[in-house]
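J.: 3D model of this:
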Amino acid sequence: MKSIYKSILFRIVVLLLVLQLAPLCLHAQKNKQGKDPLFIEYNEEEASGLNEKEHSIGFGFGASFIGNRLRFAAPTVGYFGWFDNSLTKLRLTPAFSISYAHLLGNKFSIGGGVTYQEVELGQYPKQYYYYSYKFVSMKRLNVSMKFQMNYRQREKYHLYSGIRLGFNYNDIYADSNIEDWAKSFSYMKGYQIAAQVVALGIQVNITSNIAFNSELCIGPPYALYIGMMGLF
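T.: Sure thing, here's the model as predicted:
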């Protein structure tokens with residue numbers, strides 16, 4: 001399961017880098033031909049296409065570190081003694097996200113979204129592993145508003161950064177005959193304030209009504225994101 005998760009995460013990272021670097025490479029090629037240099041200031045004419053579509057609805061998925069957070073919170077000692085971390089199994093879904101955004105002029109956007117993810121952490125004790133299977137499952141719902149600044153605007157793509165502010169609702173269920181497990185995850189239950197920094201994002205316009213976007217983020221609900229957007 002670990003290898004599958006790493007494989008999925010690796011593919012997400014590769015696709016994210018391709019989406020971010022491809023437009024830059026295209027502009028570098030144009031620069032060699034004496035057209036559209038990469039390092040130019042904001043151009044109103046080039047960015048005029050952004051005015052045509054003021055609304056967008058997006059759907060995508062991201063990769064988070066929620067599994068690592070569960071590992072960190074898991075107790076190391078229980079009824080059967082020390083737990084063997086090499087026997088830990090982590091099962092999780094991508095962070096599925098639906099969002100809406102409204103363009104304010106050319107440089108700013110405001111919107112919101114909902115993200116949902118499930119994760120399960122299981123461990124076998126060193127002894128009697130065939131007898132007792134310890135696990136904790138977590139369902140996380142994130143609701144947030146997004147404030148975004150657009151820059152490096154071109155006809156086919158633009159870069160952006162921003163912040164998300166909202167809350168997480170964590171539904172946690174610990175199934176164990178070890179009391180410490182329930183106590184270890186109690187602080188993660190319920191509602192929590194969630195803040196995220198979108199360090200770097202890119203939107204690539206495929207047609208006048210369809211675009212792809214990807215993001216590198218700090219904070220919940222995900223660290224890497226890839227999605228599709230409908231523009232209208």
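J.: quick one, phi/psi of G227?
T.: The phi/psi pair for G227 (degrees, to the nearest 10) reads phi -160, psi 180.
J.: dump the residue contacts of the closest residue to it other than its chain neighbours.
T.: Counting by C-beta to C-beta, 6 or more residues apart in numbering, G227 lies nearest to G60, which is 2.1 Å off, once chain neighbours are set aside. Bear in mind the C-beta positions are built from the backbone N, C-alpha and C, glycine included. Neighbouring residues of G60 by C-beta atoms under 8 Å, 6 or more residues apart in numbering: F96, S97, N213, Y225, I226, G227, M228.
J.: got the buried residues for the helix or strand where G122 lies?
T.: Element membership for G122 (DSSP states H and E) is strand 108-123. If you call a residue buried by 16 or more other C-beta atoms under 10 Å, then strand 108-123 has these buried ones: 109, 111-113, 115-123.
J.: now swap in stretch 224-232 and tell me
T.: Within stretch 224-232, the residues scored as buried using 16+ other C-beta under 10 Å are L224, Y225, I226, G227, M229, L231.
J.: can you show me the CA trace of it as CSV?
T.: In CSV, the C-alpha atoms belonging to stretch 224-232 read as follows (Å, rounded to 0.1, in the frame of the first residue of the first chain):
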residue,chain,number,x,y,z
LEU,A,224,-0.2,19.3,-4.1
TYR,A,225,-3.3,19.8,-6.3
ILE,A,226,-4.4,19.2,-9.9
GLY,A,227,-7.8,20.0,-11.3
MET,A,228,-10.0,21.1,-14.2
MET,A,229,-12.0,24.3,-14.4
GLY,A,230,-15.1,25.3,-16.3
LEU,A,231,-15.0,29.0,-17.3
PHE,A,232,-18.1,31.1,-17.9
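J.: quick revisit: would you turn the buried residues of stretch 224-232 into TSV with secondary structure, pLDDT and distance to A174?
T.: What follows is the buried residues of stretch 224-232, written out as TSV (DSSP: H, G, I helix; E, B strand; the rest coil; pLDDT from 0 to 100; distance: C-beta to C-beta, whole Å):
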residue	secondary structure	pLDDT	distance to A174
L224	strand	95	28
Y225	strand	97	29
I226	strand	96	32
G227	strand	96	32
M229	strand	96	38
L231	strand	94	44
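J.: hmm, back to that, so which bits of the helix or strand following the strand holding G122 are buried?
T.: Note on strand 108-123: by DSSP H and E, the next helix or strand toward the C-terminus is strand 134-151. The neighbour-count check on strand 134-151 (16+ other C-beta under 10 Å) flags K134, F135, V136, S137, M138, R140, N142, V143, S144, K146, Q148, N150 as buried.
J.: as a markdown table, those residues with distance to Q192 and pLDDT would be great.
T.: Shown next, in a markdown table, are those (distance: C-beta to C-beta, whole Å; pLDDT from 0 to 100):
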| residue | distance to Q192 | pLDDT |
| --- | --- | --- |
| K134 | 24 | 56 |
| F135 | 22 | 70 |
| V136 | 17 | 78 |
| S137 | 17 | 83 |
| M138 | 12 | 89 |
| R140 | 9 | 95 |
| N142 | 10 | 97 |
| V143 | 12 | 98 |
| S144 | 12 | 97 |
| K146 | 18 | 96 |
| Q148 | 23 | 96 |
| N150 | 30 | 93 |
